[in-house]
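Peer 1: Provide a 3D model corresponding to the input given below.
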Amino acid sequence: MQIDKLKTFIQSSNINFLFGSGLSSPYLKTLGNVEKWLTDLNNIDNIDVTIKTIIEASIYKTYFEQVIYPNSMIINVDDYNNVLGNYKTFLTTWNDIVNKRASKLLCKQLNIYTTNIDTFVEKAAADTLIEFNDGFKGSINQKFSEGNFQKSFSKTSLHYQNTFELPVFNLLKMHGSINWQEKDGIIYNDVGLEQIINIQEKLQSIDDKYFVRIEEQQIEEQQIKEEQIIKDFIADAQKIETNYSTVKFNEIYNEFLVEYRKLIIVNPTKRKFSETVMDIHFYELMRMFSNSLEKESSVLFVMGFSFADEHIRKIVLRAANTNPTLEIIIFSHENEYKRKKMQSSASNNNIFILNVKDFKEDKKDDDSVKEEINKWKNFDFKTINQVFSIVNKKIPAINGQR
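Peer 2: Residues are numbered from 1 along each chain as shown. Predicted structure coming up:
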């Protein structure tokens, strides 16, 4: 895929993005095998209830500590600033690109669909002051509604009363968010992340000895077979139960799990969609994602997303097969099996998997661009931003813009 071809797609398409957990790494851990562990645990029929409770609570503890809690308390300043900086660069670069696009007929709304539950995009938008819409409306008690995504933003010049549309980034969090708080059926913006603080307080009251220890090696799914990991969890949980036979584990974990389940997020299990399909918000956001891909002349840039999520994968593949004008551009970091399987299943040949080597082998770029591309190792967020930055430089400014 050449830079010029990307430029062509961007100039003439409705723009959509699919963000995955890889973009918030390394500050926040990716899900790794958490989803599979919880699914496998629920599928084991002959496991003791107490053992199952210990393992489940331990997995949620790990997920909370590595993916959720670091949003409310900065754990590693350097990693945090680097990740936030990548999000800010993305927003400012694309704000410039959309302002410079030649076609006045194309909508200036950019849709960011994501399964991420963190708040990096919101923080980046606040820092860059770009026009941003996360579905909330109000100044104090902000309420969420999918109807808010149907709004456009415009600006009127002071002297001539000319009106022009402003680029706006819609953030649609298909799996909910850590800052969503429900009360009487209405979702409010928990700006201070008070619920996370409540969960942390409950978790800190439980001694670590009552949890199975989950190693980073297990999370990253590298050298240990999955069946063995589950067996190890069961063996460790049995030791805990034996060593503390008088402990009522349901009561120990109860307050932590009660507070945790108040989070308006889709938990990482393969049953997640069946658990939330009746919830109008999750269902509606999935529908909006599907509708965006069905629009004529649309492009979907996939970033930091592995397609391990079966429901998202099916929606994207169905759209690829039914909408020949849709282009799906996947920036591949590693582990291409699921992506390549999707590509081979697309009857319209409109799924493109991009690797760094594709850009290094392009002979048409000028020397300055080649020099920059030769430094790339893989498509992490920083490198993807550099791709978009090169594209942006190739789009000429119009109407006196710089």
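
Peer 1: Next, Lys137: phi, psi?
Peer 2: phi -140, psi 140 (degrees, to the nearest 10).

Peer 1: Same question for Phe17.
Peer 2: Dihedral angles (degrees, to the nearest 10) for Phe17: phi -130, psi 150.

Peer 1: and it, what does it touch?
Peer 2: 110-114, 300-303 (CB atoms under 8 Å, 6 or more residues apart in numbering). Using the backbone N, CA and C atoms, a C-beta is placed for each residue, glycine as well.

Peer 1: now do Leu326
Peer 2: Leu326 neighbours (CB under 8 Å, 6+ apart): 293-294, 298-300, 319-320, 348, 350.

Peer 1: Who wins on neighbours among these?
Peer 2: Ranked by neighbour count (other CB atoms under 10 Å), the contacts of Leu326 have Leu300 at the top, with 25 neighbours.

Peer 1: How about it: which residues does it bridge to?
Peer 2: Asn16, Ile328 (DSSP bridges).

Peer 1: thought it was touching Leu293?
Peer 2: Yes - under the criterion of CB atoms under 8 Å, Leu300 makes contact with Leu293 at 6.1 Å.

Peer 1: joint contacts of these two?
Peer 2: 16, 316, 326.

Peer 1: mind putting the residues you listed in TSV, distance to Arg213 and pLDDT included?
Peer 2: TSV is the format used below for the shared contacts of Leu300 and Leu293 (distance: CB to CB, whole Å; pLDDT from 0 to 100):
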residue	distance to Arg213	pLDDT
Asn16	40	98
Val316	36	95
Leu326	45	96
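
Peer 1: quick one: which of these is nearest to Ala57?
Peer 2: Nearest to Ala57 out of the shared contacts of Leu300 and Leu293 is Val316 (CB to CB; 33.6 Å).

Peer 1: Can you list the buried residues in the helix or strand containing the closest one?
Peer 2: Element membership for Val316 (DSSP states H and E) is helix 310-322. Within helix 310-322, the residues that qualify as buried by neighbour count (16 or more other CB atoms under 10 Å) are 311-313, 315-317, 319-320.

Peer 1: Out of those residues, which is nearest to Ser72?
Peer 2: Proximity of the buried residues of helix 310-322 to Ser72 (CB to CB) peaks at Ile312, which lies at 26.7 Å.

Peer 1: where does the closest one land on pLDDT?
Peer 2: pLDDT, Ile312: 92.

Peer 1: Test my guess that it contacts Thr115.
Peer 2: Yes - if you go by CB under 8 Å, Ile312 and Thr115 touch, sitting 6.7 Å apart.

Peer 1: Need the residues touching each of these two.
Peer 2: 174, 305.

Peer 1: can you redo the contacts of Phe17 as TSV with secondary structure?
Peer 2: What follows is the contacts of Phe17, written out as TSV (DSSP: H, G, I helix; E, B strand; the rest coil):
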residue	secondary structure
Leu110	strand
Asn111	strand
Ile112	strand
Tyr113	strand
Thr114	strand
Leu300	strand
Phe301	strand
Val302	strand
Met303	strand
